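Trainee: coordinates for the following, if possible.
(chains A and B, ligands or ions: 3)
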Amino acid sequence: MKKISALDDLKKAGDKGWKSLFPGGVKILVGMATSGIASGAGEVYAALAAEIKKRKLPYVLAKTGSMGMDCIEPLVDIIEKDKPRLSYGKMTAGKVPDLIDQIIKGTIDKIKPVYRIDEENLIATRDKNHYTKGNVPEYLKEIPGINEVPFYKKQIKIATRNCGIIDPENMEEYIARGGYLALQKVLTSMTPESVIEDVIKSGLRGRGGGGFPAGVKWQSCRSAHGDIKYVICNGDEGDPGAYMDRSVMEGDPHSVIEGMIIGAYAIGAQEGYIYVRNEYPLAVTNLTKAISDARSRGLLGKNIFGTSFSFDIKISKGAGAFVCGESTALMASLEGKAGEPRAKYIHTVEHGLWDRPSNLNNVETWANVPVVISRGGKWFSEIGVPHSTGTKVFSLVGKINNIGLVEVPMGIPLKDIIYDIGGGIPGGRKFKAVQTGGPSGGCIPAKMMDLSVDFDALREAGSMMGSGGMIVMDEKTCMVDLARYFIEFLVSESCGKCTPCREGVRRMNDILHDICAGRGREGDVEILESMAKGIVDGSLCALGGSAPNPVLSTIKYFREEYDAHIKDKKCPAGVCRALIRYEITAKKCTGCGVCAKKCPTGCISGEKKKAHKINRKKCIKCGICMESCKFDAITVE
Amino acid sequence: MKKATTIEAKVKEIVKKHGRDKSSLIAVLQDIQEEYNYLPKEALLAVGEQMEVPSSRVYEVATFYNTFSLNPRGRYLVEVCAGTACHVQGSFNLMDRLKRDLEIECGETTKDNMFTLEEVRCLGCCSLAPVVRIGGNIHPYLTQDEIPRILRNYRKQG
Ligand SMILES: Cc1cc2nc3c(=O)[nH]c(=O)nc-3n(C[C@H](O)[C@H](O)[C@H](O)COP(=O)(O)O)c2cc1C
Ligand code: SF4
Ligand code: FES
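Mentor: Numbering: from 1, shown residues only, chains lettered A, B, ... in the order given. Ligands and ions are numbered 1, 2, ... in the order given. Okay, the predicted model is just below:
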C-alpha cells in the first residue's frame, strides 16, 4: 500500500472512499454492529446477498455500524444516485424480496422506510453531502425526513459522526468524511503546545465519568519528566447498561485512533494502548483492522505523514473487572497484574503505566478530538453550555419507547431526552426516574425533568454524568431494589484492597437485602446514611468513594418507598418478591387457562372458562402468569 | 500423564505468541481459556514456569478477573446479563427460570456437561434487554417462556 505522506495522498484516498460510499447505482447498507447482529442483521445480510445474486443485480451490498435507533434494528439503508437515502427498520430475511422489488420498480408499497435522508452534514469538514440535489421524487415525499423524526431532531453528532454511515473496516470511507485531515493539520502546521491550547480552549471534558478537562490533563502529561510517555484509551465501558463506547469502537474505530495520534503528538508519547472490554469481540476485531490499515498507510508507526513523529498503538483485552475502568487499576491490568487501584496522590500523568507519564482518556473523549482540531476549539466551545461544552452520547435504555444511542448537546433539558427523543414511556405507564452515572451515579426523579443535562447540574442533583448510561424507569421499577442491585454489583466488584469499601459496602448490602426481604427495621435508613459517609471518606478509589451514591440518591428522592418496605412491608412497584403477591381478578379472568399451563409450579387451577385461582403456598412469584395473561386479569400487590 | 504434556505444549505455543513479558500474562490466560473453556491447573503451573512468574501471581490474576474460570465448563456457556438495563426488564426472572430448568445454581455446570450458567454485567446490547448469551449467541428480548425451547435447540445441536 502506498503510504499517505501528503495532503494530496489523503485527498486521493478520500476520493476512493467517496466512490465506495456512493458508488452510483444502488447500494444497500446493513447495520451490523453487535446489537444489529443480535437482532438478526446477519440473516438479513445473507438474504440480500442471495437475492442480489439470484436476480443478477448490479447492486453493492455493504456493512456499517449503528446510527443509534437500535429499537428498530435490523436496519437496512438504500442509497441510490440522486435519490434520498432510505432507512428501513425491523428488516427480516422474509422482507428482502419485497424490498428488492421496490427498488427495481422505484416504488414504496409493501414495506415503508422509517425515514429518508436528503442531505447530511460532514461535521469534520463543515461540508454537506446532498443525496438529492433538492429534488425529492414524488413517491418519497410522504416519508418523513430524518430531521422530522423526533428521535434524531435534537441530536448533534460529533463523536458518533460516522457510526451507521461508513463501513468501519474501510479506512478510505473514514477519510472521505474528513478523517485524518485533523492529524494532517496537526503534524504539518501545529506545535504540540498549540494543539493543547486548542483542546483547552474547546472546553472538552473527559467523557469517561469524571469530567476532567482533557487539555489540562494533556498539558500535565506533556510537562511531566520522562522520555517515554504513553497515551491510553479507556474502552473498558464498565457501566452496566451503557454501550456508547462499544458503538464508537465498532462503528468508527479510526476516529479513536486519529484522536490518540493527535494526543500522542501533543503530549510527546511514542506508544499507545487501547484497553477494550472483554465482552466486546467485534470492537477488538474492528480496532485491530483499523490499526493495521492505518499502519500500512503510514498513519501509524514510524514517520507518520512523512514527518519525524512516530507512534504506534497496541490493543489489550480486559478480563471482566469493573474496577479496571479506574485509571490506576487499568494501568496495573495493562502491566499484567490484578487490577487494584492505588492512592490518587500519585498522579498517573507523572507516574502511570510502568511508572512513566501516562495520559488516559475515554473512547468518546478521543473520538471528539479530531473534530475539535478540524473545526477549532472555539467552534466546539460554542456547542453546549459554558462549563460543559460539546455533546454527550447517552445510551437511552430501560422503560422508554425509543431505545438507542443518542448524541445531544450538553445542557439539553432532561425532558427533551425522555419525551422528545425517547418518545416517552411504553404502555402508558408513568415515568418515575432516570438513572445516570452507573453504579457511581444516582437517580433523578420525574419532578426534576427540567434539569439541564451537564456535568455540574447532574452532580448537584446527587447523580453524575458518568460515561453515559441513561436508564429510564417507570412506576414498575422499585427504587429500593435498584439501590440494592447497584450495591450488590459493587460488593462483587470491589477489589477488596481497603476496608471501608470491602466491608462497608457489604454491610450496606446486607441491610438493603433485609429491607427488600421484608426484614427491614426502623432506623435502617439512618444507618445506611451514616455508613455511606464513612465509606465515602475512607475509601481509596472512586469505586468505594461513590459506591453509596445510588443509595443516597434513592433515599433522597424516594424515601417513601423505603418506608413502605420497612414499615408497611410492601413493595409499591411490585418487584421485591418477599413483599408481593400475584392475584387473579375474577371479573377479568376468562378462564382461558394459559397461565395455568405456563406456571412452572402448577399452582394455578380452575375450571375451563371459569375464573382461576393461585395457590399462594406454592407460588414462587416468577410472574410468568402476569406476563402471559392477555386480559390483564393478573395483578401484583 | 499424556494430557499434561499436551497442555504444556499448548501453553508453550501460546506464550510464544504473546511473548514472555509479564504484561502478557492476562492475554496468555485468555488464550488458554479460549482453548480449554477454563484454566486447567496444569496450564497455570506451566504458565508460571514458562513466563518465570511465581504461581501465586498467576493464581492471583486468574482469580481476580471475572472471565477466568478455574473449573471446567459445559459445552455451552449460558450468560444471563445482569446489567442495569436488563435488570429493570426483569432479567432476574430469567436467571431463576434457567436455574430451575437446568437444575443448577449460578456458576455450576449441568450433569451432562452441556450448560454452565453464569451471570455477566452487560453485554453491550442494552437496547435488546433482557438478553442472555448462549454459546456466544445473543438472545434478545428473552422471555421466561422461550427458555425451554431454546435450551432444547441447543441440546439437539449437541
Ligand atoms: C470504579 C471506576 C470505574 C470506571 N470505569 C470507567 C470506564 O469503564 N470507562 C471509562 O472511560 N472511565 C471509567 N472510569 C473513569 C476513569 O478512571 C478515568 O477517569 C477516565 O477513563 C479518564 O478519561 P476521561 O478523562 O477522558 O474521562 C472509572 C472510574 C472508576 C473509579
Ligand atoms: S475503594 Fe474499593 S475498589 Fe477502590 S481500592 Fe478500595 S477496596 Fe478497591
Ligand atoms: S444491561 Fe444487559 S446488555 Fe447491557
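Trainee: so how many other residues sit close to the residue of chain B found nearest ligand 1?
Mentor: Nearest to ligand 1 in chain B, going by Cβ to the nearest ligand atom, is residue B:122, at a distance of 10.5 Å. (C-beta placed from N, C-alpha, C; glycine too.) Residue B:122: 29 surrounding residues under other Cβ atoms under 10 Å in any protein chain shown.
Trainee: ok, for it, nearest residue in space, not its chain neighbours?
Mentor: Distances taken as Cβ to Cβ, 6 or more residues apart in numbering or on different chains put residue B:83 closest to residue B:122, at 3.2 Å, once the chain neighbours are dropped.
Trainee: roughly how far does the closest residue to residue A:315 other than its chain neighbours sit from ligand 3?
Mentor: Spatially, and ignoring its direct neighbours in sequence, residue A:315 is nearest to residue A:274 (5.1 Å; Cβ to Cβ, 6+ apart). Per Cβ to the nearest ligand atom, to the nearest Å, residue A:274 is found 21 Å from ligand 3.
Trainee: which elements pack onto the helix or strand hosting residue A:274?
Mentor: According to DSSP states H and E, residue A:274 maps onto strand A:271-276. Applying 3 or more Cβ pairs under 8 Å, 6 or more residues apart in numbering or on different chains; DSSP states H and E, one finds that strand A:271-276 makes contact with strand A:230-235, helix A:253-267, helix A:281-296, strand A:312-317, helix A:327-334.
Trainee: I'd like the ones you listed laid out as TSV, including distance to ligand 2, mean pLDDT and mean neighbour count.
Mentor: Shown next, in TSV, are the helices and strands packed on strand A:271-276 (distance: least, Cβ to the nearest ligand atom, whole Å; pLDDT from 0 to 100; neighbours: other Cβ atoms under 10 Å in any protein chain shown):
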stretch	distance to ligand 2	mean pLDDT	mean neighbour count
strand A:230-235	16	98	29
helix A:253-267	27	98	28
helix A:281-296	25	97	19
strand A:312-317	20	97	19
helix A:327-334	8	96	25
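Trainee: surely the residue nearest to residue B:122 touches residue B:126?
Mentor: Yes. At 6.2 Å, residue B:83 and residue B:126 qualify as touching, with contact defined as Cβ atoms under 8 Å.
Trainee: am I right that residue A:340 is in a strand?
Mentor: No. Looking at residue A:340 with DSSP: H, G, I helix; E, B strand; the rest coil, it is coil, so not inside a strand.
Trainee: who are the contact partners of it?
Mentor: Contact analysis of residue A:340 by Cβ atoms under 8 Å, 6 or more residues apart in numbering or on different chains lists A:323, A:329, A:332, A:495, A:497.
Trainee: coming back round to it: so what touches the strand holding residue A:274?
Mentor: For strand A:271-276, contacts defined as Cβ under 8 Å, 6+ apart pick out A:228, A:230-236, A:249, A:256, A:260-261, A:264, A:283-284, A:287, A:311-318, A:324, A:330, A:333-334, A:353.
Trainee: tell me which of the helices and strands packed on strand A:271-276 sits nearest to ligand 3.
Mentor: Of all the helices and strands packed on strand A:271-276, the one in closest proximity to ligand 3, counting by Cβ to the nearest ligand atom, is helix A:281-296 (14.0 Å).
Trainee: for the closest one, packing partners?
Mentor: helix A:171-176, helix A:244-251, helix A:253-267, strand A:271-276, strand A:312-317.
Trainee: touching ligand 1 at all, the third one?
Mentor: What that stands for is helix A:253-267. No. Using Cβ under 6 Å from any ligand atom, helix A:253-267 stays clear of ligand 1, coming no nearer than 10.2 Å.
Trainee: tell me who's in contact with residue 148.
Mentor: No chain specified, so I'll use chain A. residue A:115.
Trainee: I was thinking of chain B, sorry if that wasn't clear
Mentor: residue B:101.
Trainee: give the next helix or strand downstream of the lowest-mean-pLDDT helix or strand in chain B.
Mentor: Least confident helix or strand, chain B: helix B:2-18 with a mean of 85, by mean pLDDT, DSSP states H and E. For helix B:2-18, the following helix or strand on the C-terminal side (DSSP H and E) is helix B:25-36.
Trainee: list the buried residues for that next one?
Mentor: B:25-33, B:35-36 (16 or more other Cβ atoms under 10 Å in any protein chain shown).
Trainee: residue A:191 is nearest to which of the helices and strands packed on strand A:271-276?
Mentor: Closest to residue A:191 of the helices and strands packed on strand A:271-276 is helix A:253-267 (Cβ to Cβ; 9.0 Å).
Trainee: so residue A:489 makes contact with residue B:121?
Mentor: Yes. Counting by Cβ under 8 Å, residue A:489 does reach residue B:121; the two are 6.8 Å apart.
Trainee: between those two, which contacts overlap?
Mentor: A:240, A:322, B:82.
Trainee: ok, the closest residue to ligand 2 within chain B to residue A:118 distance?
Mentor: The minimum distance from chain B to ligand 2, using Cβ to the nearest ligand atom, falls at residue B:64 (11.2 Å). Separation of residue B:64 from residue A:118 (Cβ to Cβ, to the nearest Å) stands at 53 Å.
Trainee: which one's more surrounded, these two?
Mentor: The neighbour count for residue B:64 versus residue A:118, taken as other Cβ under 10 Å, is higher for residue B:64 (21 against 18).
Trainee: which residues touch the closest residue to that one other than its chain neighbours?
Mentor: The shortest distance from residue B:64 to any non-neighbouring residue, by Cβ to Cβ, 6+ apart, is to residue A:338 (3.8 Å). Contact partners of residue A:338, counting by Cβ under 8 Å, 6+ apart, are A:332, A:495, B:60-61, B:64-65.
Trainee: how far away is the residue nearest to residue B:122 from residue A:91?
Mentor: 26 Å.
Trainee: of those two, who's got more company?
Mentor: Each of residue B:83 and residue A:91 has its neighbours counted (other Cβ under 10 Å); residue B:83 has more, 31 against 27.
Trainee: backbone phi and psi for the more buried one, please?
Mentor: The phi/psi pair for residue B:83 (degrees, to the nearest 10) reads phi -70, psi 170.
Trainee: and if you look at residue A:169?
Mentor: phi -90, psi 0.
Trainee: in chain B, which spans are helices?
Mentor: Residue ranges of the helices in chain B, as given by DSSP state H, are B:2-18, B:25-36, B:41-51, B:55-64, B:84-88, B:91-102, B:147-157.
Trainee: which one of these lies nearest to residue A:174?
Mentor: For residue A:174, the closest of the helices of chain B is helix B:25-36, at 27.5 Å, according to Cβ to Cβ.
Trainee: burial count for whichever residue of the stretch 201-350 of chain A sits closest to ligand 2?
Mentor: Nearest to ligand 2 in the stretch 201-350 of chain A, going by Cβ to the nearest ligand atom, is residue A:341, at a distance of 4.3 Å. Neighbours of residue A:341 under the rule other Cβ under 10 Å: 24.
Trainee: same check, this time on residue A:631
Mentor: 12.
Trainee: residue A:188 too?
Mentor: Other residues lying near residue A:188 total 12 when counted by other Cβ under 10 Å.
Trainee: need the pLDDT of it.
Mentor: At residue A:188, the model reports a pLDDT of 95.
Trainee: can you map out the strands along the stretch 451-600 of chain A?
Mentor: Applying DSSP state E, counting those that start in this stretch to the stretch 451-600 of chain A gives strands spanning A:469-474, A:582-584.
Trainee: which residues sit in contact with the residue of chain B found nearest ligand 3?
Mentor: With Cβ to the nearest ligand atom, the shortest gap between chain B and ligand 3 falls at residue B:83, namely 2.3 Å. For residue B:83, the contact set (Cβ under 8 Å, 6+ apart) comprises A:240-241, B:91, B:120-123, B:126, B:129.
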